[in-house]
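>>> no FASTA, just this:
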């Protein structure tokens, strides 16, 4: 899905992590973005301008273009920052952070940073000792105070051989922040949003459990979309193999009881709660302490007890102005069951889908949903789960305006 705003000015500076620049650029082009690249003189030692130009289908702006008679009339550092929707510097070396913080306009990148009025994202990558130095921390603090997004590096074994924080985040993590900066919908800014996702596991014994096929994809997509729209997001996730979204607080749970407790804690401060998890309705009455061995009779009888209903509990204690959104995964009588659930559990919106339908069930990358509003018309939508997440938040945004 192409972002509504999609022009990226990409600054590449001279650290070893610059070798990842082609991967980043190629990913943005596949997203439908236009990318102009500023390559520092030091960065040319790590990545080829030809590679970046080929991937972007555009020229690469190099240090020699800064004061060039051939391009001087275009004033590159002005025209490029005027053109862009966002400015991304990755990797950002210690010197790049200094240049940005001190307003050093002696280079093309430095002048562009001085002229820039668009959202600025910087991704530091350097030796762990350099990162922790007083000078670098001061420059990062200065930039964040001015409104730049400076993302913490990841930890691991660095190119220098040290083990610690300093690695450039993965392309997936960087893109979470890029999509946030490009998103033109920011109606959730300043709001706290809690999202539940994934299945729960109800253990029979230490090696067996009752669960469902939920992957967590829909809930994770909603959490990402809320982050992109400016929310402070807490994701309460059951067991899932999905990558945790960047910029989001993660609370990992296993059982329905653990998810209940986490939701009760989150609701104390949440402005909006989206219950997208597929929570188990039942659990074994007794959990065996040791693995249950195969018996001679060949059978096993389980006594199940009902788990507490999280959505109903949240509906009973919902504060004035708090928005509660539920999900209804159904296999029959979809609309009837969804509307009944919305009324019984005091939900503001409910999102239903027929999980038996092709392309709309568990673990699918797509979904076919119907959004039911209290006293309003139902809205149906089919598309990727990312697109469905934004459509759900569009409906939620209407409630925010009304309240």
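Perfect, I can see it now. Bear in mind that the values here come from a model prediction, so they are computed numbers and not experimental data.

>>> I'd like the mean pLDDT over stretch 16-26, please.
Mean pLDDT, stretch 16-26: 96.

>>> first to last residue in it, what's the distance?
Start-to-end span of stretch 16-26 (Cα to Cα, to the nearest Å) is 19 Å.

>>> Would you indicate which residues of it are buried?
By 16 or more other Cβ atoms under 10 Å, the buried positions in stretch 16-26 come out as 16-18, 20-22, 24-26. The C-beta positions use only the backbone N, C-alpha and C, and glycine is treated the same way.

>>> elements contacting the helix or strand where residue 311 lies?
Here residue 311, judged by DSSP states H and E, is contained in helix 310-316. Secondary-structure packing of helix 310-316 (3 or more Cβ pairs under 8 Å, 6 or more residues apart in numbering; DSSP states H and E): helix 256-266, strand 272-275, strand 323-330.

>>> How about that helix, which residues are buried there?
By 16+ other Cβ under 10 Å, the buried positions in helix 310-316 come out as 310-311, 314-315.

>>> which other residues reach that helix?
196, 256, 259-260, 263-264, 267, 273, 275, 279, 324, 326, 341, 344-347 (Cβ atoms under 8 Å, 6 or more residues apart in numbering).

>>> Of those, grab the buried ones for PyMOL.
Entered in PyMOL, the line below selects the buried ones among those, by 16+ other Cβ under 10 Å:
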select buried, resi 196+256+259+260+263+267+273+275+279+324+326+341+345+346+347
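
>>> so can I have a markdown table of the buried residues of stretch 16-26 showing distance to residue 204 and secondary structure?
Formatted as a markdown table, the buried residues of stretch 16-26 follow (distance: Cβ to Cβ, whole Å; DSSP: H, G, I helix; E, B strand; the rest coil):
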| residue | distance to residue 204 | secondary structure |
| --- | --- | --- |
| 16 | 50 | helix |
| 17 | 47 | helix |
| 18 | 52 | helix |
| 20 | 45 | helix |
| 21 | 50 | helix |
| 22 | 49 | helix |
| 24 | 46 | helix |
| 25 | 50 | helix |
| 26 | 47 | helix |
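
>>> Adding distance to residue 289, write those out as JSON lines.
Conversion of the buried residues of stretch 16-26 to JSON lines gives the following (distance: Cβ to Cβ, whole Å):
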{"residue": "16", "distance to residue 289": "51"}
{"residue": "17", "distance to residue 289": "49"}
{"residue": "18", "distance to residue 289": "54"}
{"residue": "20", "distance to residue 289": "48"}
{"residue": "21", "distance to residue 289": "54"}
{"residue": "22", "distance to residue 289": "54"}
{"residue": "24", "distance to residue 289": "50"}
{"residue": "25", "distance to residue 289": "55"}
{"residue": "26", "distance to residue 289": "52"}
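
>>> gap between residue 345 and residue 314?
8 Å (Cβ to Cβ, to the nearest Å).

>>> Common neighbours of these two, please.
residue 324.

>>> Can you get me a residue count around residue 258?
16 (other Cβ atoms under 10 Å).

>>> which residue sits closest to it in space, ignoring its chain neighbours?
Residue nearest to residue 258 in three dimensions, not counting chain neighbours: residue 200, with 7.8 Å by Cβ to Cβ, 6 or more residues apart in numbering.

>>> helices or strands up against whichever strand or helix holds residue 99?
Assessed by DSSP H and E, residue 99 sits inside helix 94-102. The contact analysis (3+ Cβ pairs under 8 Å, 6+ apart) places helix 94-102 against strand 86-92, helix 108-115, strand 120-124, helix 134-145.

>>> can you list these in CSV and add mean pLDDT, mean neighbour count and distance to residue 61?
What follows is the helices and strands packed on helix 94-102, written out as CSV (pLDDT from 0 to 100; neighbours: other Cβ atoms under 10 Å; distance: least, Cβ to Cβ, whole Å):
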stretch, mean pLDDT, mean neighbour count, distance to residue 61
strand 86-92, 98, 27, 13
helix 108-115, 96, 23, 6
strand 120-124, 98, 24, 17
helix 134-145, 98, 15, 22
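
>>> Among these, single out whichever gets nearest to residue 173.
Closest to residue 173 of the helices and strands packed on helix 94-102, according to Cβ to Cβ: strand 120-124, at 8.9 Å.

>>> other SSEs contacting the helix or strand that comes right after that closest one?
Next in sequence after strand 120-124, counting helices and strands by DSSP H and E, comes helix 128-131. Where contact means 3+ Cβ pairs under 8 Å, 6+ apart, helix 128-131 is packed against strand 163-167.

>>> for the strand it packs on, packing partners?
Applying 3+ Cβ pairs under 8 Å, 6+ apart, we find strand 163-167 packed against helix 128-131, strand 154-157.

>>> Quick one: residues contacting residue 270.
192-194, 234, 322.

>>> Please report the distance of it from residue 240.
For residue 270, the distance to residue 240 - Cβ to Cβ - is 21 Å.

>>> With residue 38 instead?
Distance of residue 38 to residue 240, computed by Cβ to Cβ: 38 Å.

>>> out of those two, which sits in the busier spot?
Neighbour totals were compared for residue 38 and residue 240, and residue 38 leads with 28 against 19 (other Cβ under 10 Å).

>>> any idea which element the more buried one lies in?
Using DSSP H and E, residue 38 maps to strand 34-39.

>>> picking up where we left off before, mind checking the pLDDT average for the helix holding residue 99?
Helix 94-102 shows an average pLDDT of 97 in the prediction.

>>> Now that helix: buried residues?
Neighbour counts over helix 94-102 (16+ other Cβ under 10 Å) mark 94-101 as buried.

>>> With distance to residue 78 added, can I get the residues you listed in a markdown table?
Putting the buried residues of helix 94-102 into a markdown table (distance: Cβ to Cβ, whole Å) gives the following:
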| residue | distance to residue 78 |
| --- | --- |
| 94 | 26 |
| 95 | 22 |
| 96 | 19 |
| 97 | 22 |
| 98 | 22 |
| 99 | 17 |
| 100 | 17 |
| 101 | 21 |
